[in-house]
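In: model this:
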Amino acid sequence: MTPGFRLAAALLLTGFLSAPAFAQSDTSATYKSKCAPCHGADGQANTQVGKALKAASFKTPSIVKASDADLFAVVKSGKGKMPAWNGKLTDDEIKALVAFIRTLQK
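Out: Numbers count the residues shown, from 1 in each chain. Prediction:
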């Protein structure tokens with residue numbers, strides 16, 4: 001292997017390994033801007049807005065038991081006073097948010 005090839009391979013590998021960290025950071029920022037005002041940083045909906053709108057805590061048993069597909073549908077299409085994020089977030093961003101919400105349920 002030439003030194004140039006090794007360097008290119010190392011840079012490529014570094015990019016692949018750091019992509020999930022960037023994705024997690026982006027998802028965290030998306031959650032903070034789009035979800036946290038109502039659901040709170042911890043997902044328990046203990047914010048002024050969350051209380052006023054009666055937003056659900058992500059630790060509510062029915063939400064914990066809901067499938068990822070169900071949560072995806074709620075985020076995408078909205079429910080009750082929760083707005084639909086369809087057209088504002090991509091499907092991949094919504095899937096990442098669902099995965100992030102699951103981390104808040106632990």
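In: and Leu93, helix, strand or coil?
Out: No, residue 93 isn't Leu; it's Glu. Here Glu93 is helix, with the state taken from DSSP: H, G, I helix; E, B strand; the rest coil.
In: now the nearest residue to it once chain neighbours are set aside, what's its secondary structure?
Out: Closest residue in space to Glu93, ignoring its immediate chain neighbours: Thr30 at 6.1 Å, by CB to CB, 6 or more residues apart in numbering. Every residue, glycine included, has its C-beta placed from N, CA and C. With three-state DSSP as the basis, Thr30 sits in helix.
In: since we're on Thr30, how many residues are nearby?
Out: 18 (other CB atoms under 10 Å).
In: OK, contacts around it?
Out: If a contact means CB atoms under 8 Å, 6 or more residues apart in numbering, then Thr30 has Leu89, Glu93, Ala96, Leu97 as its contacts.
In: what pLDDT is listed against it?
Out: Each residue has a pLDDT score; the one for Thr30 is 95.
In: for Ser25, same thing?
Out: 71.
In: highest neighbour count among the contacts of Thr30?
Out: Counting by other CB under 10 Å, top hit in these: Leu97 with 21 neighbours.
In: where's that residue relative to Leu53, distance?
Out: 18 Å (CB to CB, to the nearest Å).
In: Cys38 contacts Lys54, doesn't it?
Out: No: Cys38 lies out of contact with Lys54 (CB atoms under 8 Å); the separation is 9.7 Å.
In: more neighbours: those two, which one.
Out: Legend: neighbour count by other CB under 10 Å for Cys38 and Lys54, higher for Cys38 (20 against 10).
In: in what helix or strand does the more buried one lie?
Out: helix 36-39 (DSSP states H and E).
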